[in-house]
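Q: no sequence for this one, just the structure:
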């Protein structure tokens, strides 16, 4: 069998390549990239199974997630792995990028490897943003409303981008459908394409090594396979055990179904967007755009083009004072804003609680003006009137 | 034609065919994806209660529903507003949607202000920004009274 495969596939060549030695002094931090890839695969696997029982429509999404959590065997565990896996992925990708910055691994000739890595960070955040709308609970709805409104503040194309994301004037059925497609088709394609390119570049240029490495050390360390692969696999096992424990013992939240009139709800995004949410509080009036657009965009562009801005060959930390100062400031700012956002007190108002809201249902037929949307008569309408429901019930009782 | 010339021609022709097919497929695909950007929304008058019931209201919360098209379904939309009877047949109806990033504001009777739970915005009783990040006042909805019902214009 092995001979059969060897004659038809370049397995020996692949194994020879995998057994090439790494630089000396490679440590555990060099497993972070492998862990990120493991998490991407875990998310893809758990997401593929969750999709078997999910329905991306406002009428069914919340119930589908509830069904997965409460009735499908292992559903809560699979959803837990997916939920906590998403948080773990953000942390691991962040740490991986931090390792690359601290070791100066982004420097020539690895600029493109870095650029693809930053694009993967954006894809990871995109997965987070599109994913947490899917349960269609209060958090999902309000965090998405705020997130899309943030994009609408961008100059020139902001409003267009927001409408394209929503698929209409407000967050609704089309938005959920779009986010589901992005989360399960567009972003995975993009992610696996970028990961493939990233891995190719990593293998092509080899590891950048540690700060201790001399030129002689670069090809005299342990082989990638099986030594480094074994360490990576042990790391994956530990990570999986942690996630499995979280999935088993830390319940994944599912709040009440999204209600666009629930003003008692304090909207908060997932923890990895809290720093941005908190940042917005500090820019008022005409300066709002600084928090919503300028700072995040400039920050991301600086990150993307870091190798082209820092062109020195020095990698030792204390010989790169500007890069280290900026990195430290960014890390402290992100962690600090996240903590401030997480601990911010919730709003308490002395609203007239004794005066409940009037609940009014439209009694007059809709009188629609300025309609540019094709008013087709054959549009599916799943809204039944009370008379129709009553009639259906009577027919059902008669047939019994 | 020399071999080099023929190969140059093949390279250019391949690129042209690839570009043409990409454009022919890409333009409708992109148009399909971004079409919501140029669709105009609908506006309609929606009744939010009888004038008798809302008479003498002061920043009264009213939640109402109406039917509107959302993509391929006619969906029941929910909205929340604060209604005030100004007197002399005049009404003031504020949308509860914060003009900053879309969270719902709450009326605080003791502070005579609308407060936003997201980024700390404060609006006075006329909807004017007093503090916080919103760039615009609270939206005041267009209203009309017909057959004893108070209507707001939904857009």
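A: Received, thanks. Note that the coordinates shown come from a computational prediction; the quantities given were computed from them, not determined experimentally. Residues are numbered from 1 along each chain as shown, chains lettered A, B, ... in the order given.
Q: all helices for chain B, in order.
A: For chain B, applying DSSP state H gives helices covering B:3-34, B:51-54.
Q: Quickly compare the ones you listed and say which is most buried.
A: helix B:51-54 (a mean of 15; mean count of other C-beta atoms under 10 Å in any protein chain shown). The way it works is simple: take the backbone N, C-alpha and C, and place the C-beta from them, glycine included.
Q: Now do it: distance to the chain's middle.
A: 27 Å (C-alpha atoms, centre = their mean, to the nearest Å).
Q: That helix - contacts with which helices or strands?
A: Applying 3 or more C-beta pairs under 8 Å, 6 or more residues apart in numbering or on different chains; DSSP states H and E, one finds that helix B:51-54 contacts strand B:149-154.
Q: Quickly find the element holding residue A:164.
A: For residue A:164, the host element (DSSP states H and E) is helix A:158-166.
Q: which stretches of chain B aren't confidently modelled?
A: Counting by pLDDT under 70, chain B contains no low-confidence segment.
Q: For it, which segments are assigned as strands?
A: For chain B, the strands defined by DSSP state E occupy B:43-50, B:60-70, B:73-87, B:90-95, B:106-108, B:113-115, B:122-123, B:129-131, B:143-146, B:149-154.
Q: For residue A:232, find the nearest of those strands.
A: strand B:60-70 (46.5 Å; C-beta to C-beta).
Q: What pairs with that closest one, parallel or antiparallel?
A: Sheet pairing of strand B:60-70 (DSSP bridges) gives strand A:358-361 (parallel), strand B:73-87 (antiparallel).
Q: export the strands of chain B to JSON lines and tack on mean neighbour count?
A: Formatted as JSON lines, the strands of chain B follow (neighbours: other C-beta atoms under 10 Å in any protein chain shown):
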{"stretch": "strand B:43-50", "mean neighbour count": "20"}
{"stretch": "strand B:60-70", "mean neighbour count": "21"}
{"stretch": "strand B:73-87", "mean neighbour count": "18"}
{"stretch": "strand B:90-95", "mean neighbour count": "18"}
{"stretch": "strand B:106-108", "mean neighbour count": "21"}
{"stretch": "strand B:113-115", "mean neighbour count": "22"}
{"stretch": "strand B:122-123", "mean neighbour count": "20"}
{"stretch": "strand B:129-131", "mean neighbour count": "16"}
{"stretch": "strand B:143-146", "mean neighbour count": "14"}
{"stretch": "strand B:149-154", "mean neighbour count": "21"}
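Q: want to throw those strands into TSV with distance to residue A:205?
A: Shown next, in TSV, are the strands of chain B (distance: least, C-beta to C-beta, whole Å):
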stretch	distance to residue A:205
strand B:43-50	58
strand B:60-70	50
strand B:73-87	52
strand B:90-95	55
strand B:106-108	56
strand B:113-115	55
strand B:122-123	54
strand B:129-131	53
strand B:143-146	66
strand B:149-154	58
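Q: okay, now the domains of chain B?
A: Following automatic domain parsing, one gets these domains for chain B: B:3-38, B:44-154.
Q: among these, which is nearest residue A:46?
A: Minimum separation from residue A:46 across those (C-beta to C-beta) falls at domain B:3-38, 27.4 Å.
Q: Is the closest one in proximity to chain A?
A: Yes. On the criterion C-beta under 8 Å from any C-beta of the partner chain, domain B:3-38 is in touch with chain A at B:33, B:34, B:36, B:37.
Q: circling back: now the domains of chain B as CSV including distance to residue A:109?
A: Below are those laid out as CSV (distance: least, C-beta to C-beta, whole Å):
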stretch, distance to residue A:109
domain B:3-38, 28
domain B:44-154, 43
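Q: Among those domains, which comes closest to residue A:88?
A: domain B:44-154 (27.3 Å).
Q: Endpoint to endpoint, that closest one covers what distance?
A: Using C-alpha to C-alpha, to the nearest Å, one end of domain B:44-154 lies 5 Å from the other.
Q: beta partners for the nearest residue to residue B:76 once chain neighbours are set aside?
A: Closest residue to residue B:76 apart from its sequence neighbours, by C-beta to C-beta, 6 or more residues apart in numbering or on different chains: residue B:65 at 5.2 Å. Residues in a beta bridge with residue B:65, per DSSP bridges, are residue A:361, residue B:78.
Q: Tell me if I'm right that residue B:65 and residue B:48 touch.
A: No. Residue B:65 is beyond contact range of residue B:48, at 10.0 Å (criterion: C-beta atoms under 8 Å).
Q: shared neighbours, those two?
A: Counting by C-beta atoms under 8 Å, 6 or more residues apart in numbering or on different chains, the shared contacts of residue B:65 and residue B:48 are residue A:360.
Q: so residue A:44 makes contact with residue A:188?
A: Yes. Residue A:44 lies in contact with residue A:188 (C-beta under 8 Å); the separation is 6.2 Å.
Q: Give me the more crowded residue out of the two.
A: Shown here are residue A:44 and residue A:188; by other C-beta atoms under 10 Å in any protein chain shown, residue A:188 has more neighbours (18 against 14).
Q: where does the more buried one fall, phi/psi-wise?
A: Reported as degrees, to the nearest 10, the phi and psi values for residue A:188 are phi -60, psi -40.
Q: Where do the strands of the stretch 301-400 of chain A begin and end?
A: A:358-361, A:368-369 (DSSP state E, counting those that start in this stretch).
Q: and residue 78, what is it in contact with?
A: Reading this off chain A. A:46, A:49, A:50, A:68, A:72, A:247.
Q: not what I meant, chain B
A: Counted by C-beta under 8 Å, 6+ apart, residue B:78 has contacts A:259, A:260, A:261, B:63, B:64, B:65.
Q: Could you measure from the last one over to residue A:302?
A: It refers to residue B:65. 47 Å (C-beta to C-beta, to the nearest Å).
Q: got a markdown table for the strands paired with strand B:60-70, with distance to residue A:114 too?
A: Shown next, in a markdown table, are the strands paired with strand B:60-70 (distance: least, C-beta to C-beta, whole Å):
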| stretch | distance to residue A:114 |
| --- | --- |
| strand A:358-361 | 55 |
| strand B:73-87 | 45 |
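Q: wait, which of the ones you listed is closest to residue A:17?
A: strand B:73-87 (53.6 Å).
Q: ok, of the contacts of residue B:78, which one's closest to residue B:92?
A: In terms of C-beta to C-beta, no member of these lies closer to residue B:92 than residue B:64, at 16.2 Å.
Q: who touches that closest one in this structure?
A: Residues in contact with residue B:64 (C-beta under 8 Å, 6+ apart) are A:358-362, B:46-49, B:78-81.
Q: Cheers, nothing more for now.
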